[in-house]
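Asker: this one's sequence-less:
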């Protein structure tokens, strides 16, 4: 599943990297780590992004998790009980979204530029259903973002990018334990006089490894054997417990 | 110490889960119930996705029922013939239940149905048990008068076809009755993530008329097979059984159950039933409150299931 999505997004990658290449202002970035491994003790992880620019400018970093379909449901009261009454499906919602900026966005980035590059949660394009009442779409869209923020998967506030001198910059990107697995895209924009003059893109993969990956893949690829094994473990455990405590 | 659950996809504290298992295990040992009706809501409360909580709890109940049934088997308190008939009904019921579960999950109504099932079934059973134990306590106080067995009219039951003889239970009744009881319990096991003992035990006593001695052992026997079936069906159709979570729960559970059983020996039967009734009612009221009170956010989000 993820492999397929990864291949699909490759041309998009190339397009993006190639586009601003002719610009004079140079931008070099890298991550401390391109693979966040989910192991048994995983409680989230920080990844350091660092880079350098040539000359003046502000830097914006956008991190987007793998996209998926998300359904937003609205409850209504029916006979005194709160029931899910209506729903709306958004077809391409990033599983994670965070930004970091060198200064507050409003001080250097015009809204139309932010919208064009989907900078800030309010500018996210989530592929809302068409031919639907725009007011309802907006309410569901806001609810989607509000819920994602509550789950610590979207961040409305921009993280700070610290400049060391006027060329070198760094920022920490925090991925919580519930961050979805898959390929993340980290975009870095260099902004001068309210225009994006250069951009870079680099991938980041969050993946279960070792035991966690083994259990997950076993459960999904051989689900019948997994279920039978789960029962065997339970039967043996129950049997052992009664044997141990009868003696004790 | 935190551990990342591979199927639930969240990080939890190991000691919290062991403690939950131990606490619920203690109560289940004390009252002689499975404890699924406590554990599943608690798991959901600490942030385990409801679908994972229900399926994983079914897996854990397999373990606790196995260790429970062995003691009853030793004393000859399992009616295997009755148990098998209940299992057949239970297989059909749990199959239907998992199908219904998947359907409701796609419709976005599974959370509500789980909650309503809890309110309705725990509410009814809790009330009945409370009334019964209060009666028993007042009877106890007014000197032990002999238990008046209410011979309600069983005429409609006697005319059902497919009669079978159950020697261990000393019964000659229609097989449709235990089949029906097994079916209902199977559906509940799949949807509520419980063993269903709290509904099967009264049904066996009052509906089938089984002798009390064989009721618990036979119901545990049926619960093993039905929860095992639910585990496999949930694993295959929803991939929501988390073995790591189940293992942690059952380690805490088996230890807690032993202490609970010892503590239970210190209390009288009617007192135990009264306490259990109060606990069952408390869970029903708490969940009922959640369904009625205005939620903090009317909107919720979920993954789209089924591609």
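Answerer: Cool, the structure landed. Please read all numbers here as calculations on a predicted model, not as lab measurements.
Asker: how about residue A:26, what does it touch?
Answerer: A:52-54, A:198 (CB atoms under 8 Å, 6 or more residues apart in numbering or on different chains). All C-beta spots, glycine's among them, are computed from the backbone N, C-alpha and C.
Asker: Give me the buried subset of the residues you listed.
Answerer: A:53, A:198 (16 or more other CB atoms under 10 Å in any protein chain shown).
Asker: JSON lines for the contacts of residue A:26, including secondary structure?
Answerer: Formatted as JSON lines, the contacts of residue A:26 follow (DSSP: H, G, I helix; E, B strand; the rest coil):
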{"residue": "A:52", "secondary structure": "strand"}
{"residue": "A:53", "secondary structure": "strand"}
{"residue": "A:54", "secondary structure": "coil"}
{"residue": "A:198", "secondary structure": "strand"}
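Asker: Kindly tell me how buried residue 104 is, as a neighbour count.
Answerer: All of this is about chain A. By other CB atoms under 10 Å in any protein chain shown, 10 other residues sit near residue A:104.
Asker: Not quite, go with chain B.
Answerer: Neighbour count for residue B:104, taken as other CB under 10 Å: 16.
Asker: How about it: what's its closest non-neighbour residue?
Answerer: residue B:110 (4.2 Å; CB to CB, 6 or more residues apart in numbering or on different chains).
Asker: Now for that neighbour: which residues touch it?
Answerer: Counting by CB under 8 Å, 6+ apart, residue B:110 makes contact with B:50-51, B:101, B:104.
Asker: same check, this time on residue A:159
Answerer: For residue A:159, the contact set (CB under 8 Å, 6+ apart) comprises A:61, A:98-101, A:171-173.
Asker: on that earlier part again, out of the contacts of residue B:110, which is most surrounded?
Answerer: Greatest neighbour count in these, by other CB under 10 Å, goes to residue B:101: 28 neighbours.
Asker: is it true that that one lies in a strand?
Answerer: No - remark: residue B:101 does not belong to a strand; assigned using three-state DSSP, it is helix.
Asker: neighbours around the closest residue to chain A within the stretch 101-250 of chain B, how many?
Answerer: Residue nearest to chain A within the stretch 101-250 of chain B (CB to the nearest CB): residue B:235, separated by 3.1 Å. As a burial measure, residue B:235 scores 28 neighbours (other CB under 10 Å).
Asker: ok, and the closest non-adjacent residue to it?
Answerer: Leaving aside its chain neighbours, residue B:235 sits nearest to residue A:227 (3.1 Å; criterion: CB to CB, 6+ apart).
Asker: Using pLDDT, spot the least trustworthy of the contacts of residue A:26.
Answerer: Within the contacts of residue A:26, residue A:54 has the lowest pLDDT, namely 83.
Asker: how close does that one sit to residue A:200?
Answerer: Residue A:54 sits 13 Å away from residue A:200, going by CB to CB, to the nearest Å.
Asker: a strand runs through residue A:191, doesn't it?
Answerer: Yes - assigned with three-state DSSP, residue A:191 falls within a strand.
Asker: who's in contact with it?
Answerer: Residue A:191 sits in contact with A:57-60, A:108-109, A:113, A:197, where contact means CB under 8 Å, 6+ apart.
Asker: Give me the neighbour count for the residue lying closest to it once chain neighbours are set aside.
Answerer: Spatial nearest neighbour of residue A:191, chain neighbours left out: residue A:58 (4.6 Å); criterion: CB to CB, 6+ apart. Residue A:58 has 21 neighbouring residues, counting by other CB under 10 Å.
Asker: from what I can see residue B:1 touches residue B:15, true?
Answerer: Yes - with contact defined as CB atoms under 8 Å, residue B:1 and residue B:15 form a contacting pair (6.8 Å).
Asker: More neighbours: these two, which one.
Answerer: residue B:15 (13 against 7).
Asker: Please identify the buried residues of the strand or helix carrying that one?
Answerer: Assessed by DSSP states H and E, residue B:15 sits inside helix B:14-31. Buried residues in helix B:14-31, counted by 16+ other CB under 10 Å: B:17-18, B:20-31.
Asker: ditto for stretch A:211-218
Answerer: A:212-213, A:215-216.
Asker: which residues touch the residue nearest to residue A:191?
Answerer: Contacts of residue A:58 were listed using CB under 8 Å, 6+ apart, and they are A:101-103, A:108-109, A:190-192.
Asker: Nearest to chain B among those?
Answerer: Nearest to chain B among the contacts of residue A:58: residue A:101, at 26.6 Å, using CB to the nearest CB.
Asker: burial count for that closest one?
Answerer: Counted with other CB under 10 Å, the neighbours of residue A:101 add up to 24.
Asker: Quick check: closest non-adjacent residue to it.
Answerer: Spatial nearest neighbour of residue A:101, chain neighbours left out: residue A:158 (4.4 Å); criterion: CB to CB, 6+ apart.
Asker: residues in contact with residue A:103?
Answerer: Applying CB under 8 Å, 6+ apart to residue A:103 gives the contacts residue A:58.
Asker: now it: how far from residue A:163?
Answerer: From residue A:103 over to residue A:163 (counting by CB to CB), the distance is 10 Å.
Asker: Report the inter-axis angle for the top helix by length along chain A versus helix B:14-31.
Answerer: Assignment by DSSP state H gives helix A:223-247 as the longest helix of chain A. Orientation of helix A:223-247 against helix B:14-31 (axes from the mean of the first three to the mean of the last three CA atoms, to 10 degrees) gives an angle of 60 degrees.
Asker: The residue nearest to residue A:101 contacts residue A:102, correct?
Answerer: No - Residue A:158 is not in contact with residue A:102 according to CB under 8 Å; the separation is 9.5 Å.
Asker: does residue A:77 sit in a helix, a strand or a coil?
Answerer: Classification of residue A:77 by three-state DSSP places it in strand.
Asker: residues in contact with it?
Answerer: Contact partners of residue A:77, counting by CB under 8 Å, 6+ apart, are residue A:83.
Asker: What residues are recorded as beta-bridge partners of it?
Answerer: residue A:82 (DSSP bridges).
Asker: now residue A:71
Answerer: residue A:89, residue B:302.
Asker: And for it, the neighbour number?
Answerer: Neighbours around residue A:71, by other CB under 10 Å: 20.
Asker: What separation do you get for it and residue B:103?
Answerer: 15 Å.
Asker: Let me know whether my guess that residue B:244 is in a helix holds.
Answerer: Yes - under three-state DSSP, residue B:244 sits within a helix.
Asker: ok, the residue lying closest to it once chain neighbours are set aside to residue B:38 distance?
Answerer: The spatially closest residue to residue B:244, leaving aside those adjacent along the chain, is residue B:5, at 5.5 Å (CB to CB, 6+ apart). Distance check for residue B:5 against residue B:38: by CB to CB, it reads 20 Å.
Asker: Quick check: which ranges of the stretch 151-300 of chain B have low pLDDT?
Answerer: For the stretch 151-300 of chain B, the stretches with pLDDT under 70 are B:151-157.
Asker: Residues of it that sit close to chain A?
Answerer: B:228, B:231-236, B:239, B:241, B:243-244, B:246-247, B:250-251, B:254, B:258, B:291-292, B:294-295, B:297-300 (CB under 8 Å from any CB of the partner chain).
Asker: re the thing from before, quick one, grab the pLDDT at the residue nearest to residue B:104.
Answerer: Residue B:110 carries a pLDDT score of 84 in this model.
Asker: ok, now residue A:1?
Answerer: Confidence score, pLDDT, at residue A:1: 39.
Asker: And for residue B:72?
Answerer: If you check residue B:72, the pLDDT there is 81.
Asker: got it, and residue A:24?
Answerer: The model's pLDDT for residue A:24 equals 56.
Asker: same question, the one 3 residues further on
Answerer: Per-residue confidence (pLDDT) for residue A:27: 89.
Asker: what do you get for the one 5 residues further on?
Answerer: In the prediction, the pLDDT value recorded for residue A:32 is 93.
Asker: ok, for it, nearest residue in space, not its chain neighbours?
Answerer: According to CB to CB, 6+ apart, the nearest residue to residue A:32 is residue A:48 (3.8 Å).
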